[in-house]
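> return a 3D structure for these sequence lines:
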Amino acid sequence: MLKALFQKTVLLFIITSATAQVEKEVAPPYNIKTISFVQSEQNVIPIFKLGEGFQLQFDDLFGNEADYYYEITHCNYNWNPTDIPKSEYLRGFDNQRISDYTNSFNTLQIYSHYRLAIPNQFTQLLISGNYMLKILNNDKEIVFSRKFVLYEDVVTVPIQIKRARTVSNLESKHNLEFTIKSSTITFQNPLKNVKVVLLQNGQFNDAITNIVPQYTIGNDLIYKYDTQTQFWAGNEFLYFENKDIRAANNNVARVDSNNEIYSSYLYTNDARTNYPYSVTQDVNGNFVVKNINATDSEIEADYAWAYFSLSAPTFRINKDIYITGMFDNYNLTPEYKLDYNEKKGIYEKAVLIKQGFTNFQYTVADSKGIIDHENAIDGNFYQTENDYFIMVYYRENTDRYDRAIGKGTANSLNIIN
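Model (predicted):
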């Protein structure tokens, strides 16, 4: 009896410890805005080939040239920190101060713009895999953190995107069928050692994981599932444009300049779930910082209050609606949760956003942050154009960490049925 109780206690402790170690992204405080990974001067999904350079950029609205430091942690497939010493995955040092920053110029909203280049003179990353990048303050407290992935290019991942194989979801889901091929790796025990992550538009918070190969042909791993690799297709992203912050541009109804900074009042969006699908050009959740009257938008683009409003009279479920996109890392935080205006009968929210071009969507989620795709405000249509990413991880029997050995990409414009 005592022995069984002791074993259960030890098991519970092990499970609790393992769960506590999982690295989760920390959402930034109110003053930190426009966090983005940048490569070739464009905001990108943070999946990079090992050895490529990239930057993390962000703004501090306090504009007081505060000191920020960075820390990098290598993680395994499940985002638990790996057991290997830091010296094996990082040459040099982290915990360095970010010294590349510039104050805003000629803007109503002051801010300090920070840039962290990786690799840099202090820090070079040596191995592939999952990484958590933490930004710290002077007290070494985490201000915010972001995931990124470095991969080796040693496998190819051809992908076919099809409509759902289940009749009930034929019009509303995408199904991914893919193969993992390699001429340099002979896979050892692929059911155990090969793992994949499926991403829609680069959203880590909504990934499909823990899918094993359905069968193998020689050294090729075949994934042709009917339900396990399905995504709700969603709808095209909405957008607004305020590159000229003083004028009402695309999807901006009017501009108010009576406050300390400009306010952009967007046209009220209607819930599109009961409408037929309509083609809308988008950039799959991305955004562009741009001031058409400036030469350096990184520090000359201003901030404006964007007033969102949504008419969804048939929305009856007891869940919350959020404004999400790459501009806020799809965070389901109170800052982006819509409030219901009973007098007007619409949902509203004002969000401070750096001017330019911004894709966004309305996301339904419960109090635990679990997204409800089935009851999406804007519906699900198989015609929707989405980018899909498949990351492949591999750990040989003698390895101590999960290598990211390749990436596959596909777009649902090329749907084949």
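> only C-alpha atoms for contact and neighbour calcs from this point on.
Fine.
> what about stretch 220-232, start to end distance?
Using Cα to Cα, to the nearest Å, the end-to-end distance of stretch 220-232 comes out at 27 Å.
> contacts for that stretch, please.
Counting contacts by Cα atoms under 8 Å, 6 or more residues apart in numbering, the residues outside stretch 220-232 that touch it are 164-166, 172-182, 190, 198, 200, 208, 211-216, 373-374, 380.
> got a list of what Gly129 touches?
With contact set as Cα under 8 Å, 6+ apart, Gly129 has these partners: 74-77, 149-151, 393, 402-404.
> can you say which of the contacts of stretch 220-232 are buried?
By neighbour count, with 16 or more other Cα atoms under 10 Å, these hold 164, 172-182, 190, 198, 200, 208, 211-213, 373, 380 as buried.
> now the helices for the stretch 101-250 of the chain?
For the stretch 101-250 of the chain, helices defined by DSSP state H, counting those that start in this stretch occupy the ranges 190-193.
> that older thread, narrow the contacts of stretch 220-232 to those in strands?
Among those, the residues falling in strands (DSSP state E) are 173-180, 198, 200, 208, 215-216.
> which one of those residues is nearest to Ala117?
Minimum distance to Ala117 across those is 26.4 Å, recorded for Gln200 (Cα to Cα).
> and that closest one, how far from Asn386?
Summarising the geometry, the distance separating Gln200 from Asn386, computed by Cα to Cα, is 7 Å.
> for Ile32, same thing?
Relative to Asn386, Ile32 is positioned 29 Å away (Cα to Cα).
> out of the two, which sits in the busier spot?
Each of Ile32 and Asn386 had its neighbours counted (other Cα atoms under 10 Å), and the higher figure belongs to Asn386 (23 against 18).
> correct me if wrong: the more buried one contacts Asp282.
No: using Cα atoms under 8 Å as the test, Asn386 is too far from Asp282 to be in contact (9.7 Å).
> who touches the most centrally placed residue in the chain in this structure?
Taking Cα atoms, centre = their mean, the centroid of the chain lies closest to Gln203, which sits 3.9 Å from it. By Cα under 8 Å, 6+ apart, Gln203 lies in contact with Tyr330.
> before we move on, what about Ala117?
The contact partners of Ala117, taken as Cα under 8 Å, 6+ apart, are 53-56.
> try it again at 6 Å.
For Ala117, the contacting residues are 54-55, taking Cα atoms under 6 Å, 6 or more residues apart in numbering as the criterion.
> Phe37 pairs with what?
Phe37 forms beta bridges with Leu56, as assigned by DSSP bridges.
> need the contact list for Asp378.
Contact criterion Cα under 6 Å, 6+ apart gives 271-273 as the residues in contact with Asp378.
> and these, which is closest to Ile98?
Nearest to Ile98 among those, with distances taken as Cα to Cα, is Ala271, at 42.8 Å.
> surely that closest one meets Ala376?
No: under the criterion of Cα atoms under 6 Å, Ala271 lies out of contact with Ala376, with a separation of 9.0 Å.
> and these two? which has more neighbours close in?
The residue with more neighbours, out of Ala271 and Ala376, is Ala376; 22 against 18, by other Cα under 10 Å.
> not counting sequence-adjacent ones, nearest residue to that one?
Val364 (6.1 Å; Cα to Cα, 6 or more residues apart in numbering).
> what helix or strand is that neighbour on?
strand 356-365 (DSSP states H and E).
> check which helices and strands that strand sits against.
The elements that strand 356-365 packs onto, with contact taken as 3 or more Cα pairs under 6 Å, 6 or more residues apart in numbering; DSSP states H and E, are strand 238-241, strand 287-289, strand 320-324.
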